[in-house]
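[1] Got a sequence here, can you model it:
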Amino acid sequence: MSDIAIETSAERMNALISPDASLVLLDNSSIHAEGPVYIPANDSVVWSDVKGNCLRQWHDGNVSVIRDPAYFQNGNAIDLEGRIVACSHGERAIIRQESDGQWHKIVEYHQGKRLNSPNDIVVKSDGTVWFTDPPFGLTQADEGCGGEQEQAGSFVFRFDPRTGEIDAVITDMERPNGLAFSPDERRLYVSDTSAVERAEMCHDIRTYDIVNGRQATSMRIFAVVEPGQPDGFCLDCQGNVFTSSEDSVQIYSPAGEQIGKIPVPGICTNVTFGGKENDRLFITTSTSLYTIKTKTSGA
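    From the prediction side, this is the model:
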């Protein structure tokens, strides 16, 4: 447990997190921690150690490796049946863990061509799976198995497991990365982290209107995040955005106003809400998993 100085730029920050809240270290054994997801069924947190090529789980104070190798697994989410659906850099696919514990690919092609290296994922209330597909698993030697890019760009996809239908819903981003829906699912937030490869490129979060539950339109820049990248983020029930950055979890109002920061040791990579009351924020950094109690709850 460590004392941190919550940074506040708006009074409403105090309604989200207590100024004297403590950041609790749960684990520091990863090489590159990413993609945390809370598992309600057993009150645990699962996250990917992308560069360590394994999947880790925190449960009841203990940490275990539950998949090794994990084929450079990255973003994770829970589907409507409580199963983990995940992005696999190495397999260039969306994968799912079935009730028997086995992992299977559920989508790996779009228009007959292999996906790049799916990165982050979210499941909508209708059961459809939305995910980003930058080529980091192809271009970063320690994050995938390499290979040639077959897709014409880096897209955001919508996949319907019931029909097998897959559509590219956003095609105008350089390196789409994190994504999340607003609480009413009328807006989709997506980050572009192309500045990872070229400093002059993007490090922002964009928002799109969702039309007919399946189309993303009317792109607007929601926030430019600095220092670092908005690698992964989540929303609370009020529509506030909690995003990773180089030095902290940054918090933005639904209008895009930065209202505070939660400083964390190391480079923050991703965040998710969880806990029995859905009021704990779980934070991954380069090597670690942290948690902090909030006064709000996840969307």
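[2] tell me the centre residue of the protein?
    Closest residue to the average C-alpha location of the chain: residue 232 at 4.1 Å, with C-alpha atoms, centre = their mean.
[3] and it, what is it in contact with?
    Residue 232 makes contact with 34-35, 75, 120, 177-178, 191, 243-244, 269-271, 284 under the criterion C-beta atoms under 8 Å, 6 or more residues apart in numbering. C-beta here means a position set from N, CA and C on the backbone, and glycine is covered the same way.
[4] So for the closest residue to it other than its chain neighbours, what's the pLDDT?
    Setting aside the residues directly before and after it, residue 232 is nearest to residue 270 in space (C-beta to C-beta, 6 or more residues apart in numbering), at 3.1 Å. With respect to pLDDT, residue 270 scores 98.
[5] I'd like to know how many residues surround residue 270.
    Other residues near residue 270 number 28, with proximity taken as other C-beta atoms under 10 Å.
[6] same question, residue 33
    The tally of other residues near residue 33 (other C-beta under 10 Å) stands at 28.
[7] just the helices in the stretch 1-150 of the chain please.
    Listed in chain order, the helices of the stretch 1-150 of the chain (DSSP state H, counting those that start in this stretch) span residues 136-139.
[8] Show me the shaky parts of it.
    Flagging of the stretch 1-150 of the chain using pLDDT under 70 yields the residue ranges 1-5, 7-10.
[9] if we go to 50?
    Under the criterion of pLDDT under 50, none of the stretch 1-150 of the chain is flagged as low confidence.
[10] hang on, the earlier thing: separation between the residue nearest to residue 232 and residue 94?
    Applying C-beta to C-beta, to the nearest Å, one obtains 17 Å for the distance of residue 270 from residue 94.
[11] which other helices and strands contact the lengthiest strand in the chain?
    Counting residues, the longest strand in the chain under DSSP state E turns out to be strand 215-224. Counting contacts by 3 or more C-beta pairs under 8 Å, 6 or more residues apart in numbering; DSSP states H and E, strand 215-224 is packed against strand 165-170, strand 204-211, strand 241-244.
[12] Tell me what angle it forms with strand 204-211.
    Here the directions of strand 215-224 and strand 204-211 differ by 150 degrees (axes from the mean of the first three to the mean of the last three C-alpha atoms, to 10 degrees).
[13] Now do the buried residues in strand 215-224.
    Of all the residues in strand 215-224, those buried under the rule 16 or more other C-beta atoms under 10 Å are 216, 222, 223.
[14] Does anything pack onto the helix or strand following it? Which helices or strands?
    Next along the chain after strand 215-224, taking DSSP states H and E as the criterion, comes strand 233-235. Packing partners of strand 233-235 (3+ C-beta pairs under 8 Å, 6+ apart): strand 176-181, strand 187-192, strand 241-244, strand 268-274.
[15] Tell me the strands beside strand 233-235, with direction?
    As defined by DSSP bridges, the strand partners of strand 233-235 come to strand 241-244 (antiparallel).
[16] Alpha carbons of the partner strand, in CSV - could you do that?
    Taking C-alpha atoms only, strand 241-244 is exported to CSV below (Å, rounded to 0.1, in the frame of the first residue of the first chain):
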residue,chain,number,x,y,z
VAL,A,241,-13.3,8.3,-18.8
PHE,A,242,-10.4,6.8,-16.8
THR,A,243,-7.5,6.4,-19.1
SER,A,244,-3.9,5.3,-19.0
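[17] With that, I have no additional questions.
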